[in-house]
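# Mind folding the following:
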Amino acid sequence: MAVSATPVRAPAPSQAGPGAASRVVAHTAKRPAPRGSRRGDGPGQRRAPKRIAVFNHKGGTGKTTTSVSLAAGLADRGHRVLLVDTDSQGNVAVSLGASCERTLYHVLVMGLRVDDAVQQVRPGLELLPSNETLAAAELYLAGRQNRDRVFSQRMASVAANYDYVVVDCSPSLSLMNQNALCFADSVLVPVACDYLSLVGVRQVIKTVKNVNTLLRHRLQIWGVLPTFYDGRAKICNEALETLQNHFGDRCLSPIRATTKLKEAPAQARSIFEHAPGAHGATDYAALVDAVLGVEVERAHRSPESEPARAMGT
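Take a look at the predicted model:
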């Protein structure tokens, strides 16, 4: 079910100047945007995402909720979507009420065809799940040639069958995550609106640069998604302002903190199924709009908030 998007508005930037939150991200932004790129976009034009890795080194930022909600929302709009769980905790399957009889481990290590491992969990939405067995795949990957491309090789025959592939990554820089990043064309970075999560953004930027430079891949930070936003909390507003200033249009409409988002996995339902009228459904519908390229009003961004400088994405 599609839900109309009404993004939340953040208060105008503080007149007191940037605080500690701003200085954390600013440490990474040492140079202006390259000539020929738009401010806030980093080098070159931002490309439409098709293979999206939802990634952050830090845990507790809403990666799985974002992955499930984005994939479900895209499927609700009539697109064929594959959702891949690369986290051995297996929370994606739990969130959608799916089984883990055949998993990503069987595809990577046992040579099972992707077509034989995926399961349809909703109309238009298929899932390649994971569970605790995926932890053993790290040893397998370590001993392979082109160990960063094994996942890409397994996916080569099926990726074109889908309009979008969404990959839920674990909060680490494992070989499995390197495989996910080498498969993806875009990274979506959920960032909780708190100080420690802003620290983690710097490491994500560094990781993407290393993947592109050392592994000769072409990966973009497509968007930074503020999560757990509470407009009453000063740190949330400071964090949101910092992300807006440094990422410009790549800072997406924030996801407001709501109990409905916490309840949905317990019911094995997406937020659109569990509470289609809730803030969480409205906010994630805005994310789906952004991925699809739908023009949505950036109502959360105040007129004064212009991107200060590029982040080198």
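# For the longest helix along the chain, which helices and strands make contact with it?
The longest helix of the chain (DSSP state H) is helix 195-214. Judged by 3 or more C-beta pairs under 8 Å, 6 or more residues apart in numbering; DSSP states H and E, helix 195-214 is in contact with helix 20-26, helix 175-183, strand 186-192, strand 220-227, helix 234-247. In short, each C-beta sits where N, CA and C put it, glycine included.
# Can you show me the CA trace of it as CSV?
This file holds the C-alpha atoms of helix 195-214, laid out as CSV (Å, rounded to 0.1, in the frame of the first residue of the first chain):
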residue,chain,number,x,y,z
TYR,A,195,26.5,12.2,18.6
LEU,A,196,28.0,8.7,18.3
SER,A,197,26.2,7.9,15.1
LEU,A,198,27.7,11.0,13.5
VAL,A,199,31.1,9.7,14.4
GLY,A,200,30.3,6.5,12.5
VAL,A,201,29.5,8.5,9.3
ARG,A,202,33.2,9.4,8.9
GLN,A,203,34.1,5.7,8.8
VAL,A,204,31.4,4.9,6.2
ILE,A,205,32.8,7.6,3.9
LYS,A,206,36.3,6.2,4.3
THR,A,207,35.1,2.7,3.6
VAL,A,208,33.4,3.7,0.4
LYS,A,209,36.5,5.6,-0.8
ASN,A,210,38.6,2.5,-0.1
VAL,A,211,36.2,0.2,-2.0
ASN,A,212,36.3,2.5,-5.0
THR,A,213,40.1,3.0,-4.9
LEU,A,214,41.5,-0.3,-3.7
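# so where do the helices sit in the protein?
Going by DSSP H, the chain shows helices at 20-26, 63-76, 91-96, 104-108, 114-117, 137-142, 150-155, 175-183, 195-214, 234-247, 259-266, 271-274, 279-292.
# ok and the last one relative to helix 63-76, angle-wise?
What that stands for is helix 279-292. Counting by axes from the mean of the first three to the mean of the last three C-alpha atoms, to 10 degrees, helix 279-292 lies at 70 degrees to helix 63-76.
# Tell me the helices and strands packed up against helix 279-292.
helix 63-76, helix 259-266, helix 271-274.
# For the stretch 1-150 of the chain, give me the ranges with low pLDDT.
Scanning the stretch 1-150 of the chain for pLDDT under 70 picks out 1-45.
# Repeat the analysis, applying 90 as the threshold.
Residues of the stretch 1-150 of the chain meeting the criterion pLDDT under 90: 1-48, 145.
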